[in-house]
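K.L.:
the sequence and its predicted three-dimensional model are supplied below.
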Amino acid sequence: MRKDKDEREEREEDGLGPFFGKYKPDCRSAWRLYKKGIDFNNSINLEDTVKTNENFFIGKQWEGIQANGLPTPQFNFFKRVVGFIVASITSDNLKVNATALEATENTAELEAMVRAVNDEFEAIMERENIPSLAREFARNAAVDGDGCLYTFWDDKAETGQKAKGRVRTEIVENDRVYFGNPNDRRVQTQPWIIIAKREITRCLRKKAKKNGIEDWEDIRDDDDDNLSMDEAKRSDDKCTELLLLWRDEDSGEIWAYETTETCATKEPWNTGLTLYPICWLNWDYVRDCYHGQAMITGLIPNQEFVNRGWAMSMVSLLRSGFPTKVYDSTRIKHLDNRVGAAIGIPGGDVTNAIKVIDPPSISPQVGQYLQLAVDQTEQMLGATSVALGDTRPDNTSAIIALQRAAATPTELTKQNLYKAIEDLFRIYLEFMAEYYGKRKIDMKMPDDLVQRAAMLGMPLPEEMPTSFDFGQLKDHPMTLKLDIGASSYYSEIASLNTLDNLLQNNRITAVQYLERVPDGHIPGRRKLIEELKQMEAQQAAMAQQQAQPQGGGSLDQNQRPELPQGGGYSALQRKINEAGTTAGLI
């Protein structure tokens, strides 16, 4: 063991890193990488920047400033602007569709597999509440500079089937993520990635003991200043745990290791993934740095100028309303400051007994410049008067033109967000292939079998539960296409009007119409589609019978419809076998 450690340290000193051959990282090597990541973040002053940005966004804009008795007003236009921008880029309805690669052989045979993947995508979208995560994801990027989504496998989650486990996705703050190559913002090219978090020491000990770690008693409380920006939030019963992810250079698979500074909590294991389960979003790119520039970082002086300007204006207003008084103390013994109070003066002559000092009047341009600073800052951030709804459009064309003009400044950020969400669902596809195994899913019945069963008087449902092996996704690569629905209130109405016109002009059938109507508009839409298809099949069967020659009263052997074979139709087969004929079944 000592020889292995010496060889490991020697290879690390040679610059080959802690991951080579049969050797895996230990708590000491992982902690050295963690400290290396902290040093880089400190070199760019990340912690102070994030703390300042968060304070200005939530309204603690006079934090650490000596007011010296001055009023401390704050006009937090940052929160309005950031909230508007984030809402505008996350308001669209996200929908991810998987399709087989065009170069894949027998693409038509993969239709059932693609449908199973898309159905699972919809389930994950609903279960993990991806739209809500996307909003917080974009909010963190706007305020802190970066957004991070971490996906992991929960093997204890119930699924209602024999197979257990689901994918989970959570938000991680950017100052808890450390890249192996801090000069590259691309996630999948990193040699290693560390995610740090604070956990209760007792829980970490219990976890390490459960995972068979012999030295679990070595886990102790620590005081990690890097994960607690406020001293009041630090606790003496917690310990920092690191999740170290790295890519095996031979297999290309992602390995993971959980440890504290003194002891591991889970030995290294192969995740089986080929992608890091991390999505990273920069609000604005910074050259040669994996951390981005937040939307409000460079504009904090504008907010401070507005706050200070209003504070001084309030001081001037108070001094004008309640000016300083100068009085003759030999004639007025005690001055009563109550509003409207009477002051008695010995001798009766009140000439030159008291005088009010008028303060200098404030320039009316001060308020204009303060408002101009707010307006210009909002304009630069993309929250124009048009976007904020302060402009009144004259007609429908004006609505569309103003909406497009308002969305243009944030279009690049929106596309970056869509790319990050697309990467997230690629990670989900990896988890499906590696961890799902065989599960029951609702598969669509082939249309020809449904029609044949309807001709025999035994209508079949459109879908039926079928066992599906998600492991075969490894052998069939897929591409993802991100479809974004328009967020404008009139887009759905326009789509429905178009479908109505096509149906009225007999350009599409009722089934085609129902299949394209957005969800929620017609109750029981799937059931209605199924009933219409059965009616069409029955009408086709009746037309075929009427077209048959009269006289025999029975079908010729060569004209009998082919009976469906295979699993799923055993009930029909048993009836035919018992009767020995198809009489009464056709």
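P.N.:
Thanks, I have the structure now. Just so we're clear, the structure is a prediction, and the values are computed from it rather than from any experiment.
K.L.:
so which residues of the stretch 151-300 of the chain form strands?
P.N.:
166-172, 177-179, 192-200, 238-247, 254-259, 264-270, 278-282 (DSSP state E, counting those that start in this stretch).
K.L.:
how about the ones you listed in JSON lines, adding mean pLDDT?
P.N.:
Putting these into JSON lines (pLDDT from 0 to 100) gives the following:
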{"stretch": "strand 166-172", "mean pLDDT": "94"}
{"stretch": "strand 177-179", "mean pLDDT": "96"}
{"stretch": "strand 192-200", "mean pLDDT": "93"}
{"stretch": "strand 238-247", "mean pLDDT": "93"}
{"stretch": "strand 254-259", "mean pLDDT": "94"}
{"stretch": "strand 264-270", "mean pLDDT": "92"}
{"stretch": "strand 278-282", "mean pLDDT": "95"}
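K.L.:
closest one to residue 542 among these?
P.N.:
Proximity to residue 542, assessed across the strands of the stretch 151-300 of the chain by Cβ to Cβ, is greatest for strand 166-172 (47.6 Å). To be clear about C-beta, it is placed using only N, CA and C from the backbone, and glycine gets the same treatment.
K.L.:
and that closest one, which strands flank it?
P.N.:
Paired strands of strand 166-172, with direction, are strand 146-154 (antiparallel) (DSSP bridges).
K.L.:
how distant is the strand it pairs with from the center of its chain?
P.N.:
9 Å (Cα atoms, centre = their mean, to the nearest Å).
K.L.:
do stretch 123-135 as well
P.N.:
7 Å.
K.L.:
can you tell me what sits against it?
P.N.:
The contact list for stretch 123-135, computed with Cβ atoms under 8 Å, 6 or more residues apart in numbering, reads 86-87, 90, 94-96, 149, 166-169, 171, 417, 421, 424, 428.
K.L.:
at 7 Å instead, please
P.N.:
Stretch 123-135 is touched from outside by 86, 90, 94, 149, 167, 169, 171, 417, 421, 428, with contacts defined as Cβ atoms under 7 Å, 6 or more residues apart in numbering.
K.L.:
check the average confidence over that stretch, would you?
P.N.:
Stretch 123-135 carries an average pLDDT of 90.
K.L.:
just the CA trace of it, in PDB.
P.N.:
Taking Å, rounded to 0.1, in the frame of the first residue of the first chain, the C-alpha atoms of stretch 123-135 are listed here in PDB:
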ATOM      1  CA  ALA A 123     -42.600  11.900 -18.000                       C
ATOM      2  CA  ILE A 124     -39.300  13.300 -16.800                       C
ATOM      3  CA  MET A 125     -40.200  16.800 -17.900                       C
ATOM      4  CA  GLU A 126     -43.300  16.600 -15.700                       C
ATOM      5  CA  ARG A 127     -41.800  14.700 -12.800                       C
ATOM      6  CA  GLU A 128     -38.600  16.800 -12.400                       C
ATOM      7  CA  ASN A 129     -40.500  20.100 -13.300                       C
ATOM      8  CA  ILE A 130     -37.900  21.100 -15.900                       C
ATOM      9  CA  PRO A 131     -39.500  24.500 -16.600                       C
ATOM     10  CA  SER A 132     -39.100  25.500 -13.000                       C
ATOM     11  CA  LEU A 133     -35.500  24.200 -12.900                       C
ATOM     12  CA  ALA A 134     -34.800  26.200 -16.100                       C
ATOM     13  CA  ARG A 135     -36.000  29.400 -14.500                       C
END
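K.L.:
the helix or strand containing residue 29 versus strand 254-259: what angle between them?
P.N.:
Assigned by DSSP states H and E, residue 29 belongs to helix 27-43. Helix 27-43 and strand 254-259 are oriented at 90 degrees to each other (axes from the mean of the first three to the mean of the last three Cα atoms, to 10 degrees).
K.L.:
buried set for helix 27-43?
P.N.:
By neighbour count on 16 or more other Cβ atoms under 10 Å, the buried set for helix 27-43 is 27, 29, 30, 31, 33, 34, 37, 38, 40, 41.
K.L.:
out of the strands of the stretch 151-300 of the chain, the one nearest residue 52 is which?
P.N.:
Closest to residue 52 of the strands of the stretch 151-300 of the chain is strand 278-282 (Cβ to Cβ; 18.6 Å).
K.L.:
just checking, what packs against the closest one?
P.N.:
helix 130-144, strand 146-154, helix 411-431 (3 or more Cβ pairs under 7 Å, 6 or more residues apart in numbering; DSSP states H and E).
K.L.:
if we use 6 Å, what do you get?
P.N.:
strand 146-154, helix 411-431 (3 or more Cβ pairs under 6 Å, 6 or more residues apart in numbering; DSSP states H and E).
K.L.:
name the residues that touch the shortest one?
P.N.:
Applying Cβ atoms under 6 Å, 6 or more residues apart in numbering, the set of residues contacting strand 146-154 from outside is 137, 140-141, 166-170, 172, 174, 177, 277-282, 291-292, 424, 427, 435.
K.L.:
pull out the buried residues from the residues you listed.
P.N.:
Buried subset of the contacts of strand 146-154 (neighbour count, 16+ other Cβ under 10 Å): 137, 140-141, 166-167, 169, 172, 174, 177, 277-282, 291-292, 424, 427, 435.
K.L.:
quick one: the spatially closest residue to residue 292 that is not a sequence neighbour from residue 118, how far?
P.N.:
Using Cβ to Cβ, 6 or more residues apart in numbering and skipping residues adjacent in sequence, the residue nearest residue 292 is residue 282, 2.9 Å away. When distance is defined by Cβ to Cβ, to the nearest Å, residue 282 is 29 Å away from residue 118.
K.L.:
please apply the same query to residue 249.
P.N.:
Residue 249 sits 34 Å away from residue 118, going by Cβ to Cβ.
K.L.:
more neighbours, the two?
P.N.:
Between residue 249 and residue 118, counting by other Cβ atoms under 10 Å, residue 118 is the more crowded of the two (15 against 11).
K.L.:
show the contacting residues for that one.
P.N.:
Neighbours of residue 118 in contact, by Cβ under 6 Å, 6+ apart: 97, 98.
K.L.:
element containing it?
P.N.:
Using DSSP H and E, the element containing residue 118 is helix 111-127.
K.L.:
and that helix, which residues are buried?
P.N.:
113, 114, 115, 116, 117, 120, 121, 124, 125.
K.L.:
do the same with stretch 76-95
P.N.:
For stretch 76-95, the neighbour count (16+ other Cβ under 10 Å) marks 76-78, 81-82, 84-86, 88-90, 92, 94 as buried.
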